[in-house]
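> Show me how the following folds:
(one chain, ligands or ions: 1)
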Amino acid sequence: MPEPQRILNYIGGRWLHPASEATLEDRSPHDWRRVLGIFPRSQKEDAERAIASAQEAFPAWRRLSRIKRAEYLDTVAQMVKRDQEELALLMAQECGKPLVECRADVVEGLHTLQYWFGRARMPLGDVLASEIAEKDSFTLRKPKGVVVCITPWNFPFAIPLWLICPSLMEGNTVILKPAEETPLMAQRIAQYFHEAGLPPGVLNVVHGYGEEVGWPLVVHPDTQVVLFTGSYQVGSLIRQETARHPNKFAVCETGGKNAMIIFEDCDFDLTVNAAVMAAFRTSGQRCVSASRLFVQESILDRFTRAFVEKARRLRIGDPTQEDTFIGPLITPEAREKVEGYNRLAKEEGAQVLLEVGRPTDSALQYGNYIGPFIYRMEHDSRKRVLREEVFGPHVAIIPFTSIDDAVRKYNDADYAFALSVCTRDYRKQRYIREECEFGVGYVNLPTIGAEVHLPFGGLRRSGTGMPSASALADAVTHRASWTVNYGTEIRMAQGLTSEVP
Ligand code: UN1
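Numbers count the residues shown, from 1 in each chain. Reported below is the predicted structural model:
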């Protein structure tokens, strides 16, 4: 077995041990005995060091031209292109996603770098007329300061870049606190920016537990923005905390209970494939994975048979193998949580259609593997399994009769993130779009696979209602107005007199 890699904090352009010297282990989801990396268990002191360095770097960074700032993203993009395959393999080992999905995650990160590089040359505000002919008004964006990015393990490359790239390009400095399950991928991101020659302190990375090093970043008066992707419980604490500060703002992406609405006139084979992808890609561990399939009663049996048959045949295995569809879950605790929900579904009266469980293959015995769990259940908002986010290959098939019945059942939920409607009827497509609450919507597609130039975010428990990805420019900048008088005297708008006695 190869030696575990040494992972360090990156603060002020230097690779540092945490002040306490304490460390944590980064384990392989495929073989939990295997330690891939040793990383810092940072504390408040380390967080404060990173904040001081980000604060110090801010004035010079924001004064640099927007286009020059963006050129660092282009430099990193070139390196990522060079290393794509190696990054994907490392990710498969560290986070357990099948290789094809890891490649897409790397490409999504690359697209993010390219998108924000290009966007630097696009307008950053408007020119507006005034009531007074001698005046012009402008809008512009001003960076906010130090941005804290707290990111999950399920997209360990793309999501940190989603948050870092707009923050840096708009002139903020950044502290990344990556998930403790995927520190190696975060280390790679820091290395790229270091190699690109980013000035010290503009990007900092601190590793460790959320409670120990993430929280001090959130509560500190000198951090202005918190960008968080993770659980509703943590996101909600962050929102409450940031609300107490006069000058702090949070954007939180906090999961979903996403759904597909499948009508009898759908393109059947396409829809079955879309449902398999939505429910089981990433083993259901996406914020946008579908765990509720609303199926019109007239095709319920036919759809169920086809869907269950496909799910039964999905290949569970080592994520570094090309033909694996379902890799291991991220941790043993994650698997126990999913198993708990599978049991709960039965207790709540689910009719189980497929329960693959833990694979018996001895090659997978040390991994966090679990296969698909599919059940049929009538909609009932009191059932916890139909309300709570499971984050695993666990999916309910729920019958509906009419379009209004589908809308009512769909909206009867705590989360509102991704929605897909499958029908050939354009009127139904539009009705669903107008009547259902969601942030990321699809027609005749799975609920997964959003592209980086779209806004990405949900409502209710799914987020702050301020989307992420391309929409983040609004969160990391303040839109200021700037009005200039070219006249030789003061003339006021709104009919206000400018006479001064
Ligand atoms: C997530 O689920 O946390 O839309 C992010 C998608 C990916 C991003 C998912 N582009 O499926």
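
> where does the stretch 401-501 of the chain come near the ligand, residue by residue?
Ile448, Gly449, Ala450 (Cβ under 6 Å from any ligand atom). Backbone N, C-alpha and C define where each C-beta goes, glycine included.

> Kindly supply the PyMOL command isolating those of those residues that are buried.
A single PyMOL command is used to select the members of those judged buried by 16 or more other Cβ atoms under 10 Å:
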select buried, resi 448+449+450
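
> Kindly reformat the residues of the stretch 401-501 of the chain next to the ligand as CSV containing distance to Arg292, secondary structure and pLDDT.
Output for those, formatted as CSV (distance: Cβ to Cβ, whole Å; DSSP: H, G, I helix; E, B strand; the rest coil; pLDDT from 0 to 100):
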residue, distance to Arg292, secondary structure, pLDDT
Ile448, 14, coil, 98
Gly449, 18, coil, 97
Ala450, 19, coil, 97
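
> So Ala47 sits against Pro216, correct?
Yes: using Cβ atoms under 8 Å, Ala47 is in contact with Pro216, at 3.9 Å.

> In terms of distance to Arg27, which of the residues of the stretch 401-501 of the chain next to the ligand ranks first?
Arg27 has its nearest neighbour among these in Ile448, at 26.0 Å by Cβ to Cβ.

> can I assume that closest one is in contact with Ala418?
Yes: Ile448 is within contact range of Ala418, at 7.4 Å (criterion: Cβ under 8 Å).

> Could you pull up phi and psi at Ala70?
Backbone dihedrals for Ala70, given as degrees, to the nearest 10, come out at phi -70, psi -20.

> Can you report how many residues neighbour Gly13?
Neighbour count for Gly13, taken as other Cβ atoms under 10 Å: 18.

> tell me what the helix or strand hosting Tyr431 is packed against?
Using DSSP states H and E, the element containing Tyr431 is helix 426-435. Here helix 426-435 touches helix 403-411, strand 418-422, going by 3 or more Cβ pairs under 8 Å, 6 or more residues apart in numbering; DSSP states H and E.

> in its sheet, what does the last one sit against?
Sheet pairing for strand 418-422, assigned by DSSP bridges, gives strand 258-262 (parallel), strand 440-443 (parallel).

> Including mean neighbour count and mean pLDDT, could those strands go into TSV?
Formatted as TSV, those follow (neighbours: other Cβ atoms under 10 Å; pLDDT from 0 to 100):
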stretch	mean neighbour count	mean pLDDT
strand 258-262	28	99
strand 440-443	19	98
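
> Name the residues contacting each of Ile448 and Ala418.
Listed as contacting both Ile448 and Ala418 by Cβ atoms under 8 Å, 6 or more residues apart in numbering are Val288, Ala290.

> Whatever helix or strand Glu309 lives in to strand 258-262, inter-axis angle?
Applying DSSP H and E as the criterion places Glu309 in helix 300-313. Interaxial angle, helix 300-313 versus strand 258-262 (axes from the mean of the first three to the mean of the last three Cα atoms, to 10 degrees): 130 degrees.

> Need the contact partners of helix 300-313.
262, 268, 271-273, 275-276, 279-280, 293, 295, 353-354, 356, 372, 374, 376, 397, 399.

> Now, those that are in helices?
Among the contacts of helix 300-313, the ones falling in helices (DSSP state H) are Phe268, Thr271, Val272, Asn273, Ala275, Val276, Ala279, Phe280.

> and the second one, what is it in contact with?
This means Thr271. Counting by Cβ under 8 Å, 6+ apart, Thr271 touches Met260, Ile262, Phe303, Cys422, Asn444.

> now the fourth one
Contacts of Asn273 were listed using Cβ under 8 Å, 6+ apart, and they are Lys310.

> Same question for the fifth one.
Residues near Ala275 by Cβ under 8 Å, 6+ apart: Met260, Ile262, Ala290, Leu293, Phe307, Pro446.

> could you redo the last one with a cut-off of 6 Å?
Residues near Ala275 by Cβ atoms under 6 Å, 6 or more residues apart in numbering: Met260, Leu293, Phe307.

> Quick one: name the residues of the stretch 51-200 of the chain near the ligand.
Glu108, Asn154, Phe155.

> can I get the helices and strands packed on helix 426-435 in CSV with mean neighbour count and distance to Arg433?
What follows is the helices and strands packed on helix 426-435, written out as CSV (neighbours: other Cβ atoms under 10 Å; distance: least, Cβ to Cβ, whole Å):
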stretch, mean neighbour count, distance to Arg433
helix 403-411, 18, 11
strand 418-422, 28, 8
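
> got the ones you listed as CSV, with distance to Asp136 and mean pLDDT columns?
Formatted as CSV, the helices and strands packed on helix 426-435 follow (distance: least, Cβ to Cβ, whole Å; pLDDT from 0 to 100):
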stretch, distance to Asp136, mean pLDDT
helix 403-411, 46, 98
strand 418-422, 42, 98
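
> Could I get the full set of strands for the stretch 101-250 of the chain?
For the stretch 101-250 of the chain, the strands defined by DSSP state E, counting those that start in this stretch occupy 127-129, 135-143, 146-150, 173-177, 203-205, 225-229, 249-253.
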